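Enquirer: Sharing a model that was predicted from the sequence below.
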Amino acid sequence: MLHAAAPPRPARLPVLARNVTHFMRLLRDGGFALSPAHAVDALHALRHVDIGQRAEVRAALAALVLSGPDQRPLFDAAFDLFWRDPDWEGKLRALLLPRVDAGAPPPKRSNRLADALAARQPPPSSRPAQAEAERIHVPLTFSDQERLAQRDFETLTAQEWRALQHLVRTRRAHLALQRTRRLRAATCGTHADLRASARLAVRQHGEWLRWKFRKRAERKPPLVLLLDISGSMSQYSRAVLYFCHALMQSRERLAVFLFGTRLTNITRSLRERDPDEAVAVITGQVRDWAGGTRIGAALASFNRHWARRTLSGRATVLLVTDGLDHEQIELLGEEMARLRRFAHRIVWLNPLLRYPGFAPQARGVQAILPHVDALRPAHNLDSLLALETLLSDHGGPVRAAAPATPHKEAPPWK
């Protein structure tokens, strides 16, 4: 006869429930799409397995929370740290500060798990007092997040850079929707749907009780991002990559190309769920990172091989560069004019606009500026988040130019 596993003791049940709840919160902070109902389901599932068998507990929890094979390594690391090893704080330090062993290669880091554990780690002075009470620890307050979003990417310290990555990772960016000419069914709207209303009246034995309507359909705007990764743009390019990863995880219609001395398509690499792994794959794939810049040659390669495939459907081009190119200026102007004919509109994101008196004195800037529809800064997180309203396309493109006279605080661009 089969006997069910004995239920846990009443004294241990609150402790087990509290630990399961903490583990689910840890996974949610690590990037899993979990709700409080998953903790309740996990407690019900553990009643049907032997909690003394580690493999059964792992399999039961994995069946509840995993939605894809790419989440398995992060789940295994979180399970091992939370449930087995009593020295999980040492493991956390190993994640944050990886060691180099001569005998074997170091274990693979998981920055999402390290951030989630660090957010829930109590300070050393108050650990004994907080052992019985449940506290919620957050890495940044609202004022700290607002202050960090206004900081220049180039002035961030290593700790602030990690906090900014966590802020971008937890905030899913959604661009504004575009209104199209097509109509779709709706409960209320500006266009009466006579056919649908007549069909409804037939089903109701000829009684015309209510109207059906149609309204303008909305869609996500297609975007193509051309990102400069030269030496003067490396710090800003890395921040824009994290922002693009958030857009890609939000199912935005986005195609990303990197250019320094050559053009590289990294759209598929950004679909990786973990942003740190995605950026690591991209930096290993791109061989001209933080090198020279050839904007004209890169635009020529894009117009020749990718423009017709990616710029269909009223696509918007986001050009992220400082425009400091001194070679082949005639080619740069010709390719920008050709790109303008392909794209619906071009938005230029220039980090140099952080200076109050920026003037278009460089030859590369003067070649690009006549062909863009909007010129915006891209030196902090607030300037990137402003794209959500800029790309709404309610009222058409707005041409913006840089000031014609230099300011006394502006650097002498040549």
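Expert: Ah, there it is. Residues are numbered from 1 along each chain as shown.
Enquirer: I'd like the mean pLDDT over stretch 266-282, please.
Expert: Average pLDDT, stretch 266-282: 86.
Enquirer: How about stretch 286-303?
Expert: On average, stretch 286-303 scores 89.
Enquirer: Do I have it right that Leu353 meets Pro377?
Expert: Yes. The pair Leu353 / Pro377 is scored as a contact, 3.8 Å apart, by Cβ atoms under 8 Å. Backbone N, C-alpha and C define where each C-beta goes, glycine included.
Enquirer: Determine how far stretch 347-366 lies from the middle of the whole chain.
Expert: With Cα atoms, centre = their mean, to the nearest Å as the basis, stretch 347-366 stands 26 Å off its chain's centre.
Enquirer: Show me which residues of it are buried.
Expert: 347-355, 358-360, 362-365 (16 or more other Cβ atoms under 10 Å).
Enquirer: and those, which of them are in strands?
Expert: Val347, Trp348, Leu349 (DSSP state E).
Enquirer: of all the residues you listed, which comes closest to His22?
Expert: Checking these against His22 with Cβ to Cβ, the nearest one is Leu349 at 41.1 Å.
Enquirer: surely that closest one meets Val320?
Expert: Yes. If you go by Cβ under 8 Å, Leu349 and Val320 touch, sitting 4.5 Å apart.
Enquirer: give me the low-pLDDT residue ranges for the stretch 1-150 of the chain?
Expert: Scanning the stretch 1-150 of the chain for pLDDT under 70 picks out 1-13, 84-143.
Enquirer: In the stretch 151-300 of the chain, what residue spans correspond to helices?
Expert: Per DSSP state H, counting those that start in this stretch, the stretch 151-300 of the chain carries helices over the ranges 158-170, 194-203, 234-249, 275-285, 295-305.
Enquirer: I'd like the ones you listed written out as a markdown table, with distance to Cys188 added.
Expert: A markdown table is the format used below for these (distance: least, Cβ to Cβ, whole Å):
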| stretch | distance to Cys188 |
| --- | --- |
| helix 158-170 | 35 |
| helix 194-203 | 13 |
| helix 234-249 | 31 |
| helix 275-285 | 40 |
| helix 295-305 | 43 |
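Enquirer: Just send those back as TSV, with mean neighbour count too.
Expert: Output for the helices of the stretch 151-300 of the chain, formatted as TSV (neighbours: other Cβ atoms under 10 Å):
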stretch	mean neighbour count
helix 158-170	17
helix 194-203	12
helix 234-249	21
helix 275-285	17
helix 295-305	20
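Enquirer: Can you report how many residues lie near Arg72?
Expert: When neighbours are defined as other Cβ atoms under 10 Å, Arg72 has 11 of them.
Enquirer: and it, that's in a helix?
Expert: Yes. Counting by DSSP: H, G, I helix; E, B strand; the rest coil, Arg72 is located in a helix.
Enquirer: And for Ala59, nearest residue in space, chain neighbours not counted?
Expert: Val49 (7.9 Å; Cβ to Cβ, 6 or more residues apart in numbering).
Enquirer: Does the one you found touch Val57 like I think?
Expert: Yes. Val49 lies in contact with Val57 (Cβ under 8 Å); the separation is 6.3 Å.
Enquirer: More neighbours: these two, which one.
Expert: Set side by side, Val49 and Val57 show more neighbours around Val57, with 19 against 16, by other Cβ under 10 Å.
Enquirer: Just give the nearest non-adjacent residue to that one, would you?
Expert: Per Cβ to Cβ, 6+ apart, closest to Val57 is Ile51, 5.9 Å.
Enquirer: Adding pLDDT and distance to Glu327 as columns, could you present the ones in strands among the buried residues of stretch 347-366 in JSON lines?
Expert: As requested, these are exported to JSON lines (pLDDT from 0 to 100; distance: Cβ to Cβ, whole Å):
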{"residue": "Val347", "pLDDT": "94", "distance to Glu327": "24"}
{"residue": "Trp348", "pLDDT": "94", "distance to Glu327": "19"}
{"residue": "Leu349", "pLDDT": "94", "distance to Glu327": "22"}
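Enquirer: okay, the residues you listed in JSON lines with distance to Arg314 next?
Expert: Formatted as JSON lines, those follow (distance: Cβ to Cβ, whole Å):
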{"residue": "Val347", "distance to Arg314": "14"}
{"residue": "Trp348", "distance to Arg314": "18"}
{"residue": "Leu349", "distance to Arg314": "19"}
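Enquirer: Nearest to Thr264, out of those residues: which one, please.
Expert: Once Cβ to Cβ is applied, the member of these that ends up nearest Thr264 is Leu349, at 18.7 Å.
Enquirer: State the distance from that closest one to Asp41.
Expert: Distance of Leu349 to Asp41, computed by Cβ to Cβ, to the nearest Å: 44 Å.
Enquirer: cool, Val286 as well?
Expert: With Cβ to Cβ as the criterion, Val286 and Asp41 are 43 Å apart.
Enquirer: Next, count neighbours for Thr155.
Expert: 10.
Enquirer: again, but for Ala59
Expert: By other Cβ under 10 Å, neighbour count at Ala59 equals 13.
Enquirer: for Arg273, same thing?
Expert: Quick note: Arg273 (other Cβ under 10 Å) scores 15 neighbours.
Enquirer: how about it, what does it touch?
Expert: Gly31, Gly68, Asp70, Gln71, Gln249 (Cβ atoms under 8 Å, 6 or more residues apart in numbering).
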